[in-house]
Structures are given as C-alpha cells and as structure tokens.
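K.L.:
based on what follows, work out the 3D shape:
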Amino acid sequence: MSAPVRVEQRDGVQVITIDRPEVRNAVDTATARAIAAALDELDATDHLVAGVLTGAGGVFCAGMDLKAFLAGERPSVPGRGFAGIVEGPPEKPLIAAVEGAAVAGGFEIALACDLIVASSDARFGLPEVRRGLVAAGGGLLRLPKRVPRQLATEWALTGALVPASTAHEVHLVNRLTEPGGALDAALELATAIAANGPLAVRATKQILARGEDWDSAEAFDRQRELSEPVRASEDAREGAAAFREKRAPRWQGR
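P.N.:
Just a heads-up that it's a prediction; the model follows:
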C-alpha cells in the first residue's frame, strides 16, 4: 500500500500532502500519525522555516474516515489530537493549500494552520450538526477567532458549505487562486516567509498564537521570554550587518 502522506522539502519549506484521493483524503489513524510525524520533522529541522499542508487529487480533506472509525479506529495522536494537528499545531508557520472540499475535520485541519490559500472552487464547512455531531476538533474554538462571530455562529449552527469567494471576502482565506493554483500560491507565500530569520519567524508565530490568551498585565513579560533570545542571537546580528552592508542575510538559525 502507498503511504497516506507524502513529504518533501523545497527551499526551507516542508510540503505535506495527504495522499488518499480515493477517499477524498479522509483521515484514518495511519494518516494522522503520518501528519504528526511530518510536523515533528518540520519543528525539529533547523533549515525548515515554514510548511505547507495540502491534499492530492483536487481535494483538501473530507474529514475523518468514517469507515475506519466504524472499524474502531480513532484518527488521533497524543499531544497533537485529531489528524495529528488540531490540538498541537507546529511551532513553525503552516499554510493550508486548499483545492476542492475542506469540510468537517478537513476544515478543522485548515483552521489549525496559520494561513489559508484556496482555489476559487474550494469550499469550507462544519456539517457535523447535520449528522447529530459536534465539531469538536477545534472548529468551534478557532472559527470565531478567524471570522466575525455572527458568521461563525451561522456557519456552525447551519452546517452550511461556504464558497472560497465568501471565505476570502471575510479574510478567512488569505489568497484566492484559479483552480489548480492553490499549492503554487501557498509555496510562494511560504518561500517569502522562509527567506526571513528562522528564529524570528518561529518566535513571531508563537507570540501571535499565544498572545491572545495572555492577560494584559503579563503580555509584555510573556512576549519578552520569546523575543529576547532572538534579539541576543547571532541571526539578529547577521540581520543588522546584512542591512548595513546592503546584502542578503546568511541565516544560521542560532
């Protein structure tokens, strides 16, 4: 059997492709473990600065593999949750490149990413209520932080499918492309991120991700814990030197 996930590296970017098009890239246990392993590799590999997560065959992900679930599988990984990502996204930036459907758990995977690039024929939705279920893979927690609460409430309570154009209008989708162009556009965005100082990128993502939960009285102290090691790094000195010398920086990740 072929691997459920393909992983490749391109110029500081880890590309993770869910490769089960025969089931619309639905997630079983093997897929969840493979995604988690790819994210572990992304976080642990110094020369990787950002990642892109996508699906094969013109579909992002249809959520949980129901046949596997009925057979007793739980497509979750300790520490990372459903699909190996929703409870423990990577520490480095991750971009979802969405073609076709990103629904149910597939939408929750996209919401666990930092940025979303989508083709014009993509669609998003949390249809769990239509099946008597709750979108408990982070969708109900993250969606109200990404779109106006009233829209999030409507989408979650109706289980409606939302076209990519609407998702782009409300800034859930960062970039909208022609069909078939989501991966290339996501790679372009990821490459722009990867050109920056890796320590700075990682700390910036962590401050953005954690900062909204910090109390205002502690926010700057908590931020300082992440930013000061970067300020004291060799990369920070290299960035200043490169600016002074009008050349491209040579990052070392330390």
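
K.L.:
I'd like to know which elements the worst-scoring helix or strand of the chain on mean pLDDT is packed against.
P.N.:
None of the helices or strands of the chain scores lower by mean pLDDT, DSSP states H and E than helix 66-70, at a mean of 88. Counting by 3 or more C-beta pairs under 8 Å, 6 or more residues apart in numbering; DSSP states H and E, no packing neighbours are recorded for helix 66-70 among the helices and strands. Backbone N, C-alpha and C define where each C-beta goes, glycine included.

K.L.:
okay, buried residues for that helix please.
P.N.:
Ala68 (16 or more other C-beta atoms under 10 Å).

K.L.:
helix or strand right after it?
P.N.:
Per DSSP states H and E, helix 66-70 leads on to strand 76-77 as the next helix or strand towards the C-terminus.

K.L.:
now that following strand, how far from the centre of its chain.
P.N.:
If you compare the mean C-alpha spot of strand 76-77 with that of the full chain, they lie 16 Å apart, counting by C-alpha atoms, centre = their mean, to the nearest Å.

K.L.:
and Val27, how many neighbours?
P.N.:
33 (other C-beta atoms under 10 Å).

K.L.:
dihedrals phi and psi, it?
P.N.:
In this entry, Val27 is assigned phi and psi values of phi -100, psi 120 (degrees, to the nearest 10).

K.L.:
now swap in Gln14 and tell me
P.N.:
On the backbone of Gln14 - angles per degrees, to the nearest 10 - the values are phi -90, psi 120.

K.L.:
same question, the one 10 residues further on
P.N.:
Backbone geometry at Arg24, expressed as degrees, to the nearest 10, gives phi 60, psi 40.

K.L.:
give me the pLDDT value at the spatially closest residue to Glu128 that is not a sequence neighbour.
P.N.:
Leaving out its chain neighbours, the residue that sits closest to Glu128 by C-beta to C-beta, 6 or more residues apart in numbering is Ala135, at 4.5 Å. According to the model's per-residue confidence, Ala135 sits at a pLDDT of 96.

K.L.:
and Ala135, what is it in contact with?
P.N.:
For Ala135, the set of contacting residues under the criterion of C-beta atoms under 8 Å, 6 or more residues apart in numbering consists of Ala104, Phe107, Glu108, Leu126, Glu128, Val129, Ala156.

K.L.:
Ala32 too?
P.N.:
Applying C-beta under 8 Å, 6+ apart, we find Ala32 in contact with Pro75, Ser76, Val77, Arg80, Phe82, Ala83, Gly84.

K.L.:
could you pull up the residues touching the last one?
P.N.:
In this case it means Gly84. Taking C-beta under 8 Å, 6+ apart as the criterion, Gly84 is in contact with Thr31, Ala32, Arg33, Ala34, Ile35, Ala36, Ala37, Leu39, Ser76, Val77.
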